[in-house]
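Participant: here you go, sequence then predicted model.
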Amino acid sequence: MRIAVIDDLKSDRQLLISRLNKLLSDNSINGEIYEFEKGIDFINASKQTAFEVAFMDIYIDKENGIEISKLLREFDKECILIFTTTSSDYALEGFKVRAFDYLVKPYTTDELKIAFTDILNRLPSSDKYIEVKVIGGTQRIRLYEIIYAEHFKHCINIYKSDCATTVVRSTFAEFGKQLESDERFFMCNRGVIINFDYASDFDGTEFILNNGVRISVSRSLTKSAKSRFADFIFNKR
C-alpha cells in the first residue's frame, strides 16, 4: 500500500506518519508512506506511480488541498482521499472530488483508526502478510502467495504461487490462528488449510486446486466447506 501524506506542517506530517506506521504494523500490512510539503510535488509523484491512499491537508501554504485534489482526479480516479483539516467548511467541495473521509484536527488516534479500518475494507487485501519462524530467523509471506499449507512432522509446509515451499516452525493451531480472520482461508481438516483463491471446485469431499492438487475435507466440515466456498465465489463476483 502506497500512502501519501500532504501537509505543510512538518509536526503534523510526522505525527500522522507515526500513527499510520503503527496501524500498518497492527494490521500486518506492507506499506510505504511518502510525505509531501507541497501539493504540486505530490501531483508530480502521483503521475509517476499511483498512490492507493492520500491524506491531504486542505490548508496548505499558498495552495488549497481541494484544488490539488482536482488536479489529481484529472488522471487518477481511484486514489482514496482523506482530508485532514481544521474545519469542515469544504465538505461540499470535497464531495465533488470524491473525498472518502474527513479528519478534523486535532483528530484522535481512535478517529484515525476508524478511518483506516474503512480504508482497508475498501482496498484489496493483496498486501496483507504473516510473519513466520523459519530456519535462520523469521520471514514475511504475503497471504495472496499461499496456495495451501499442511502440517508435516511438527512443521508447516506452505506451498506458494511461485512454486516454492516454505517450511515453518509452528504448531498447526498457532499457524491457523494467523489466517482465521481472512475469508480466503479454510481449514479442511486437522492438518491442511487452503486458499479459496486457488480452488477451482469442490466435489463434496475434496477441493480441487488450480495446480491439480486435491485436498480432502473432513466429513464434519463438508457442509461448512460447501457453504463457505459458495459464499466466497458469490462475494468475489
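Facilitator: Alright, I've got the coordinates.
Participant: so Ala224, which state does it fall into?
Facilitator: One correction, residue 224 is Ser, not Ala. With DSSP: H, G, I helix; E, B strand; the rest coil as the basis, Ser224 sits in helix.
Participant: residue most distant from the centroid, this protein?
Facilitator: Lys62 (34.2 Å; CA atoms, centre = their mean).
Participant: what distance do you get for that one to Glu74?
Facilitator: Noted for Lys62: a distance of 21 Å to Glu74, by CB to CB, to the nearest Å. The way it works is simple: take the backbone N, C-alpha and C, and place the C-beta from them, glycine included.
Participant: ditto for Ile135
Facilitator: Applying CB to CB, the value for Ile135 to Glu74 is 51 Å.
Participant: give the next helix or strand downstream of the lowest-mean-pLDDT helix or strand in the chain.
Facilitator: Taking mean pLDDT, DSSP states H and E as the measure, the helix or strand of the chain with the lowest value is helix 91-96, at a mean of 62. Moving toward the C-terminus from helix 91-96, the next helix or strand (DSSP states H and E) is strand 99-104.
Participant: same for that following strand, what does it pack against?
Facilitator: strand 80-85, helix 109-122 (3 or more CB pairs under 8 Å, 6 or more residues apart in numbering; DSSP states H and E).
Participant: using a markdown table, lay out those together with mean pLDDT and distance to Lys177.
Facilitator: Shown next, in a markdown table, are the helices and strands packed on strand 99-104 (pLDDT from 0 to 100; distance: least, CB to CB, whole Å):
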| stretch | mean pLDDT | distance to Lys177 |
| --- | --- | --- |
| strand 80-85 | 90 | 30 |
| helix 109-122 | 90 | 19 |
